[in-house]
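S.K.: Turn this into a model:
(4 chains)
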Protein chains: 2
Amino acid sequence: MKLEILTTNDSENVQKKIISQIRDLINYKNLEPGDKLPSERMLSEKFEVSRGNIREAIQKLEFYGLLKSIPQSGTFVANIGVIALNGMIEDILSLEDPDFKSLVETRILLELKTARLAALRRTEDDLKAMAETLEAYTNKVKAGEDAVQEDLLFHLAIAKASKNTTINTFMLMITPGIITNFEKYHVCDKNLAQKGIQEHYDIYEAIKNQDPQLAKQKMKDHFSVLYQYCYNSNSEK
Amino acid sequence: MKLEILTTNDSENVQKKIISQIRDLINYKNLEPGDKLPSERMLSEKFEVSRGNIREAIQKLEFYGLLKSIPQSGTFVANIGVIALNGMIEDILSLEDPDFKSLVETRILLELKTARLAALRRTEDDLKAMAETLEAYTNKVKAGEDAVQEDLLFHLAIAKASKNTTINTFMLMITPGIITNFEKYHVCDKNLAQKGIQEHYDIYEAIKNQDPQLAKQKMKDHFSVLYQYCYNSNSEK
DNA sequence: AAATCGTAACTGGTTAACCAATTATAACAA
DNA sequence: TTGTTATAATTGGTTAACCAGTTACGATTT
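M.R.: A predicted model of the protein is given here:
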């Protein structure tokens, strides 16, 4: 039994082990940026795991910009230096899954910025897209229906108008987690949704009038209610 | 020739096409959250692409939290509703690769927050880790060597001390892009690196003394020089 | 000795067959 | 009719063989 616990690793732990082994290999062989890693086949043999596991680990490191695979040629160490590489791999290995609180905290941070940037950079098309999502939200709320999705789509429209692709990507990444947790904890009741209509409209107007300060402030107001609501009724996880 | 241009799609475009076809299918079949998607085999036959392409597309949508694959069971629509799903897929399809300007803009936003949060939440271990990276940076600069990597590792240590896993992940994601661009444009010259020592130390002290306002301000000062330098000498991409 | 060419080994990527677990089905029993 | 069980089909995941492009290297020619 004990033996089984020790030897049975889920695929996540296998991947972490492979990643740390790749790091050790790079250090041991003194591989410089641009150098070629041993082939996937050799690594799978050396680490005694399937080639699929190796590819998975390489893809993760490629996602974080530490490796670069080139077809029919090899996998190469990225141009960021061994010190940064070691530090980053260490951080990646110790990364934990995001909790709801960190999601909300990050969302507010990003949204205050997107509101400001959208006010500065929005085009007429952006305004049109925002108006559409705002109308969909309003109709849903007035019909007494749940409108969490339409709410988030309005915010994503602002993110798109901010013309910052990095923040836009990050907003997309956190949105599903926000939606599921909101619905789970019933964060948005009808009372809150009614207020939301006016708040959304205020944000929209500020962006339309290209007033970054006001846009940020209105977004802040919007979240202050939400924030407060979250931490009063659902302070845990 | 023209025909070849029209029919030859790189794998990225193939994936985008599959993703939009999956979206159409969900809409056409009125699949609700939690419903099961057709099997990978059926999809690959229906869309006339390999099963591998299908898996790749599903994995991307799974990354953004829109689908969920369960072994030996099926692929399921996430619990976020069809409206949000449609909107998000649209956004994902139109996402472009991040440019350097958006990376820097996002980095500053995140770092002002991590400095503040780290001042509030840092442990003794966090301080120790920060001090180590700070020392490595100082030594490198005093030896007249390039210290971009050590610079970034100090900032990542702050991110870790902020105890916000989402922001920490985002910092890790943008760091390689920052490093390569910095080295490409030689953003950090020796003069700037010398100033950096004092600035880093100021940030460290503020976090150590648990002064969030000061930590944020010192981080802002740190970036104002960098920012200015960026936009003066390298305003273009 | 140097340059060129061709061959053979090696690369990451792709594919089709296979696997174990789940699920649907239908036969059977109560 | 209802509940149970055995079985067959289906699922996502895994694997090993295969592919096309790249690279290394040595024979050959000049």
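S.K.: what stretches of chain A score poorly on pLDDT?
M.R.: The model of chain A has pLDDT under 70 over residues A:1-10, A:186-189, A:227-237.
S.K.: Would you quantify the distance from the spatially most central residue of it to DNA strand C?
M.R.: Chain A has residue A:173 as the residue nearest its centroid, 3.4 Å off, counting by Cα atoms, centre = their mean. Noted for residue A:173: a distance of 23 Å to DNA strand C, by Cβ to the nearest atom of the strand, to the nearest Å. C-beta: built from backbone N, CA, C; applies to glycine.
S.K.: In what element of secondary structure is that residue found?
M.R.: helix A:165-185 (DSSP states H and E).
S.K.: show me the contacts for residue A:131.
M.R.: residue A:204 (Cβ atoms under 8 Å, 6 or more residues apart in numbering or on different chains).
S.K.: and chain A, which of its residues are near DNA strand C?
M.R.: A:37-42, A:55, A:69-75 (Cβ under 7 Å from any atom of the strand).
S.K.: go with 6 Å
M.R.: By Cβ under 6 Å from any atom of the strand, the residues of chain A that approach DNA strand C are A:39, A:40, A:41, A:42, A:69, A:71, A:72, A:74, A:75.
S.K.: in chain A, which spans are strands?
M.R.: All strands of chain A, identified by DSSP state E, fall at A:67-70, A:74-77.
S.K.: So what touches the first one?
M.R.: With contact meaning Cβ under 8 Å, 6+ apart, strand A:67-70 is reached by A:37, A:58, A:59, A:61, A:62, A:75, A:76, A:77, A:78.
S.K.: got a list of what residue A:128 touches?
M.R.: So residue A:128 contacts nothing (Cβ under 8 Å, 6+ apart).
S.K.: thinking again about what came up before, PyMOL command for the buried members of the residues of chain A next to DNA strand C?
M.R.: Only the buried entries of the residues of chain A next to DNA strand C go into this PyMOL selection, using 16 or more other Cβ atoms under 10 Å in any protein chain shown:
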select buried, chain A and resi 40+75
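S.K.: Need the max-distance pair from the residues of chain A next to DNA strand C.
M.R.: Spatial extent of those (Cβ to Cβ) is set by the pair A:42 and A:71 at 17.5 Å.
S.K.: re earlier: may I ask which two of the contacts of strand A:67-70 are separated the most?
M.R.: Spanning the widest gap among the contacts of strand A:67-70 are A:59 and A:77, at 15.1 Å by Cβ to Cβ.
S.K.: which non-adjacent residue is nearest whichever residue of chain A sits closest to DNA strand D?
M.R.: Residue of chain A nearest DNA strand D, by Cβ to the nearest atom of the strand: residue A:50 (3.2 Å). The shortest distance from residue A:50 to any non-neighbouring residue, by Cβ to Cβ, 6 or more residues apart in numbering or on different chains, is to residue A:44 (6.1 Å).
S.K.: quick one: contacts for the one you found?
M.R.: Contacts of residue A:44 by Cβ under 8 Å, 6+ apart are A:50, A:51, A:53, A:54.
S.K.: Count the neighbours of the last one for me.
M.R.: If I follow you right, that is residue A:54. 26 (other Cβ atoms under 10 Å in any protein chain shown).
S.K.: Show the backbone phi and psi for the residue of chain A found nearest DNA strand C.
M.R.: Nearest residue of chain A to DNA strand C, counting by Cβ to the nearest atom of the strand: residue A:39, 3.1 Å away. Phi and psi for residue A:39, reported as degrees, to the nearest 10, are phi -70, psi 160.
S.K.: which of residue A:59 and residue A:77 has more neighbours?
M.R.: residue A:77 (21 against 13).
S.K.: Could you check how far the more buried one is from residue A:177?
M.R.: Shown here: residue A:77 relative to residue A:177, a distance of 33 Å by Cβ to Cβ, to the nearest Å.
S.K.: same thing with residue A:48?
M.R.: Residue A:48 is 36 Å from residue A:177, by Cβ to Cβ.
S.K.: same thing with residue A:13?
M.R.: Taking Cβ to Cβ, one finds residue A:13 at 23 Å from residue A:177.
S.K.: and these two? which has more neighbours close in?
M.R.: Using other Cβ under 10 Å as the criterion, residue A:13 and residue A:177 rank with residue A:177 on top: 20 against 10.
S.K.: That one reaches residue B:65, doesn't it?
M.R.: Yes. Between residue A:177 and residue B:65 a contact is recorded at 6.5 Å, counting by Cβ atoms under 8 Å.
S.K.: Correct me if wrong: residue A:78 contacts residue B:176.
M.R.: Yes. With contact defined as Cβ under 8 Å, residue A:78 counts as touching residue B:176 (6.1 Å).
S.K.: what touches both of the two?
M.R.: Both residue A:78 and residue B:176 are contacted by A:65, A:66, under the criterion Cβ under 8 Å, 6+ apart.
S.K.: What are the buried residues along stretch A:75-84?
M.R.: Buried residues in stretch A:75-84 (16+ other Cβ under 10 Å): A:75, A:76, A:77, A:78, A:80, A:81, A:82, A:83, A:84.
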